[in-house]
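In: predicted structure and sequence below. I'll ask about it afterward.
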Amino acid sequence: MFLAKSEYLQKIKSLADMCKELKINVYIWGERGVGKTFLAKYIAPNALINPKSPTINPVILEDFDKNPVLNFKENFIIATGTSPLNKELLKKYFSTDIELKPLKDHPEDIEEFIRLFESQAKKEFKIDKNVTINSPDISQNLNSLKKQVYTKYLINNDKREIFDLLKEFYLNSDKPTTYEEELNFFEKALFSAYKEKYKSKLQIASHLKINRVTLTKKMKALDV
């Protein structure tokens, strides 16, 4: 699926469809969060990302501008980066390049992406609710927009639903950790949120019914 409400993204889709059909090497570039990997997967949905073997075909190579060495010369290559390549390097490895502009340059597509992230959040969190995004956060393009939508779904849940989400997370987590590390994680999240919300340690202490000196020590230890 390719979201393309704006005329700009419709042109990008046409170019991507040509690359997909002809299997020509393409370099996709733009700032963080504009959807470079998303577009690369649209062009080559079965491609592996950053594979080690040069026999894999097709491939998606991320951050190519930072490491412009290609050992997959006979393959169908889709590479991504945050900056344009010089003409010699582009001509050497690729048939064309595609610049993905930030969301602020094609705001007509923002609502489409919000709906996409809402659909994903409902499926992942198993929540059948609708949320309202009044001021879309596109400061980091799709990255911040997705985070905003997902956060909305989480904070609109009651504590029982959040408990179930955390339980599901731990059931599927194999990362080694300790009881103290987990408690520190939750405390740091709690104090960080209330620091932003209440501004003053006195107000935080009052809200949490905790001694102000104890609160200060905990926040300092957790680097909040």
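Out: Here it is on my side, so go on.
In: quick one, what contacts Tyr42?
Out: Contact analysis of Tyr42 by C-beta atoms under 8 Å, 6 or more residues apart in numbering lists Met1, Phe2, Ala16, Lys20. No exception for glycine: its C-beta is placed from N, CA and C like everyone else's.
In: give me that answer again for 6 Å
Out: Phe2, Ala16 (C-beta atoms under 6 Å, 6 or more residues apart in numbering).
In: can I assume Asp97 sits in a helix?
Out: No. Applying DSSP: H, G, I helix; E, B strand; the rest coil, one finds Asp97 to be strand, outside a helix.
In: correct me, but it touches Ile28?
Out: No. Counting by C-beta atoms under 6 Å, Asp97 does not reach Ile28; the two are 7.2 Å apart.
In: out of the two, which sits in the busier spot?
Out: Shown here are Asp97 and Ile28; by other C-beta atoms under 10 Å, Ile28 has more neighbours (28 against 16).
In: which residues does the longest helix along the chain contact?
Out: Criterion DSSP state H: the longest helix present in the chain is helix 179-198. Residues outside helix 179-198 that contact it (C-beta under 6 Å, 6+ apart): Ile204, Met219, Leu222, Val224.
In: so Ile162 is in which element?
Out: Per DSSP states H and E: Ile162 is located in helix 159-171.
In: quick check: the gap between the residue sitting nearest the centre point of the chain and Asn134.
Out: Per C-alpha atoms, centre = their mean, the C-alpha nearest to the average position across the chain is that of Asn143, at 3.9 Å. Distance, Asn143 to Asn134, using C-beta to C-beta, to the nearest Å: 19 Å.
In: any idea how the chain splits into domains?
Out: Domain segmentation of the chain under automatic domain parsing yields 7-101, 107-175, 176-224.
In: comparing the ones you listed, which yields the minimum mean pLDDT?
Out: When the domains of the chain are ranked by mean pLDDT, domain 107-175 comes last with a mean of 87.
In: now the end-to-end length of that domain.
Out: Taking C-alpha to C-alpha, to the nearest Å as the measure, domain 107-175 stretches 39 Å from start to finish.
In: check the offset of it from the chain's centre.
Out: Chain-centre distance of domain 107-175: 12 Å, with C-alpha atoms, centre = their mean, to the nearest Å.
In: circling back: my guess is the residue nearest to the centre of the chain meets Gly35, correct?
Out: No. The criterion here is C-beta under 6 Å, and Asn143 misses it with Gly35 at 9.7 Å.
In: determine the number of other residues adjacent to Tyr93.
Out: Other residues within reach of Tyr93, judged by other C-beta under 10 Å, total 19.
In: please apply the same query to Leu215.
Out: Leu215 has 19 neighbouring residues, counting by other C-beta under 10 Å.
In: give me whichever of the domains of the chain is most buried.
Out: Most buried of those, by mean neighbour count (mean count of other C-beta atoms under 10 Å): domain 7-101, with a mean of 16.
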